[in-house]
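Colleague: Provided below for reference: sequence and predicted model.
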Number of protein chains: 2
Amino acid sequence: MKEFARKQRDENRIVGLVPTMGALHPGHLSLIKQARQQCSSLVASIFVNPTQFGPSEDFAKYPRALPADSEKLENAGVQCLFLPEAKDIYPPKYSTYVDVEGLSERLEGRSRPGHFRGVSTVVMKLLQIVQPQFAYFGRKDAQQAAIISRMATDLNLDTEIEICPIEREADGLAMSSRNVYLQTGDRQSATVLHRSFQAAQTLLQNGSRDALSLQSAMHRVLKQESRAKVDYVEIVDAETFEPLTHINRKAYVLLAVKFGETRLLDNMLVDFSDTGELNVEL
Amino acid sequence: MKEFARKQRDENRIVGLVPTMGALHPGHLSLIKQARQQCSSLVASIFVNPTQFGPSEDFAKYPRALPADSEKLENAGVQCLFLPEAKDIYPPKYSTYVDVEGLSERLEGRSRPGHFRGVSTVVMKLLQIVQPQFAYFGRKDAQQAAIISRMATDLNLDTEIEICPIEREADGLAMSSRNVYLQTGDRQSATVLHRSFQAAQTLLQNGSRDALSLQSAMHRVLKQESRAKVDYVEIVDAETFEPLTHINRKAYVLLAVKFGETRLLDNMLVDFSDTGELNVEL
């Protein structure tokens, strides 16, 4: 992989990397589409990274679909599929971990101790192996994206981290490899997430900037679905993920909700133009 | 710094980096000498890294000698002196740290909690900024060198880590920027470290491979100097720094000894040729 990437750089190609865990859906393909617009050589990696799964999490049963993934990547214009094995990524005596403090301990980090340490470490390794000019991550995992951006800045990496919009199903459900776990009834109920964001969006558009009011409105919507077990609904600074009480800068409205054994994440990005105009991205 | 280094690489120069904390002595200059033999463009950095000093350690009074250092580097053939400031290495919101687990917790890591985390993090940053083909470290700080080698391997860095021999004063004292702290009486007494290694070397040459016997012999020599307060005398695997009871592979004999407020480190490298022949490097 190093040799291929070095050759691309030597031939003055702009290398882009799309790191994935496979089980590709249109969300991943939208990352590749954006990468194709910026890069002349595209690498996608598929690696279900054991160090980002907790002991009671779904590492073993995480969806794997290599033949179909490989075909999708080729059709999308990816030149190189990097398929490392765990024994090569973490050989015997492996000991080094990258930690993004603070950011990694909040929200998802609290629910999944060690998760982000696994993520930042494996992404660091992929970035060192491929040394891409751009690397692409989905905004659906907003905290992960913020952590990787922070790491790239802090460790003086040459790679630019690009955060791409959320792809959604027709009914608003954010695309995720874990959606396949949803039971039929839960799949239908999960549309409540999108409706809760729409309630918050309406409040924002009506001028509310109070985090608590938005959260309450979202909880009210979520309560209408008895199958939805809310883990958190939070409004945070988009860079530090520190909670906001008043939404006066770039922020994420984030939620994590369980349906049966399946935990879904979704978020809404709130931003303001230089003239103070509100911009909401679902 | 990034631009300079990139230009060197674009012009197909082999870039070498010698990271230092300044207060340069012949030990540092021997690193530069080795670097000059392998590289066509030499960068030295001077940065007294705050994150590797504990709260009660000597960060504020660590020797600083910039004008003299700068002249020494120029005379030694260094093309570029990188002199970052702490506010640029650790800007506001800085949060990312590199941890080499296990290795960082033993010996020096136990005496100086957080020390190696600061070292591996700043070296990671310097390696990302300069992206040298080779980086040079002194074997005097053997555990630091092992940690940096481990990190470079684990994180798939392109930089080769070169560990250079210890430079010694005429009486055997390992050169160190902290030697200037030694009171006159202590400076004389500190030669006991070298004598303790010579005792261990004699045992090895007489066929002993028993770690405990070597350590006992060293302690006996060290006890002859009442000013010497032994912190540890350990014999460890040269890669993992796990203690050895029987010396049957590449190993370090390590010590840390205090004279007044000054803590000195020294070590001896024990290795075996393919035919089993003993090789001891002081």
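Modeller: Yep, that arrived.

Colleague: So for the most centrally placed residue in chain A, what's the pLDDT?
Modeller: In chain A, the C-alpha nearest the mean C-alpha coordinate belongs to A:Asp141, at 2.4 Å (CA atoms, centre = their mean). pLDDT for A:Asp141: 98.

Colleague: mind listing the helices for chain A?
Modeller: Under the criterion DSSP state H, chain A carries helices at the ranges A:2-10, A:26-38, A:66-75, A:86-89, A:108-111, A:115-130, A:142-154, A:184-189, A:191-205, A:211-223.

Colleague: Which among these is found nearest to A:Asp231?
Modeller: A:Asp231 sits nearest to helix A:108-111 of all those, at 6.3 Å, using CB to CB. Yep, even glycine has a C-beta here, placed from its N, CA and C like the rest.

Colleague: The closest one: which residues count as buried?
Modeller: By neighbour count on 16 or more other CB atoms under 10 Å in any protein chain shown, the buried set for helix A:108-111 is A:Glu108, A:Gly109.

Colleague: what helices or strands is it leaning on?
Modeller: Using 3 or more CB pairs under 8 Å, 6 or more residues apart in numbering or on different chains; DSSP states H and E, the elements in contact with helix A:108-111 are helix A:115-130, helix A:142-154.

Colleague: and the last one, how far out from the chain's middle?
Modeller: This means helix A:142-154. The chain centre lies 11 Å from the centre of helix A:142-154; the measure is CA atoms, centre = their mean, to the nearest Å.

Colleague: on that earlier part again, dump the helices and strands packed on helix A:108-111 into JSON lines; add mean neighbour count as well.
Modeller: Below are these laid out as JSON lines (neighbours: other CB atoms under 10 Å in any protein chain shown):
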{"stretch": "helix A:115-130", "mean neighbour count": "23"}
{"stretch": "helix A:142-154", "mean neighbour count": "23"}
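
Colleague: Redo these as CSV? Include distance to chain B.
Modeller: Output for the helices and strands packed on helix A:108-111, formatted as CSV (distance: least, CB to the nearest CB, whole Å):
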stretch, distance to chain B
helix A:115-130, 4
helix A:142-154, 4
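
Colleague: Could you find the closest non-adjacent residue to the residue in the stretch 1-150 of chain A positioned nearest to chain B?
Modeller: Per CB to the nearest CB, A:Thr96 is where the stretch 1-150 of chain A lies closest to chain B, at 3.6 Å. Closest residue to A:Thr96 apart from its sequence neighbours, by CB to CB, 6 or more residues apart in numbering or on different chains: B:Asp154 at 3.6 Å.

Colleague: thinking again about what came up before, might one say that the residue of the stretch 1-150 of chain A closest to chain B is in contact with B:Ser149?
Modeller: No - between A:Thr96 and B:Ser149 there is no contact under CB atoms under 8 Å: 10.8 Å.

Colleague: if we can go back for a sec, need the contact list for the residue of the stretch 1-150 of chain A closest to chain B.
Modeller: A:Thr121, B:Val98, B:Asp99, B:Val100, B:Glu101, B:Ser120, B:Arg150, B:Met151, B:Asp154, B:Leu155 (CB atoms under 8 Å, 6 or more residues apart in numbering or on different chains).

Colleague: which parts of the stretch 101-250 of chain A sit against chain B?
Modeller: A:101-103, A:120, A:124-125, A:128-129, A:131, A:150-151, A:154-158, A:239-240 (CB under 8 Å from any CB of the partner chain).

Colleague: if we go to 6 Å?
Modeller: Counting by CB under 6 Å from any CB of the partner chain, the residues of the stretch 101-250 of chain A close to chain B are A:Glu101, A:Gly102, A:Met124, A:Lys125, A:Gln128, A:Ile129, A:Arg150, A:Met151, A:Asp154, A:Leu155, A:Asn156, A:Leu157.

Colleague: Can you report how many residues lie near the residue nearest to the third one when sequence neighbours are not counted?
Modeller: Counting by CB to CB, 6+ apart, A:Met124 lies nearest to A:Val98, which is 4.8 Å off, once chain neighbours are set aside. For A:Val98, the number of neighbouring residues by other CB atoms under 10 Å in any protein chain shown comes to 28.
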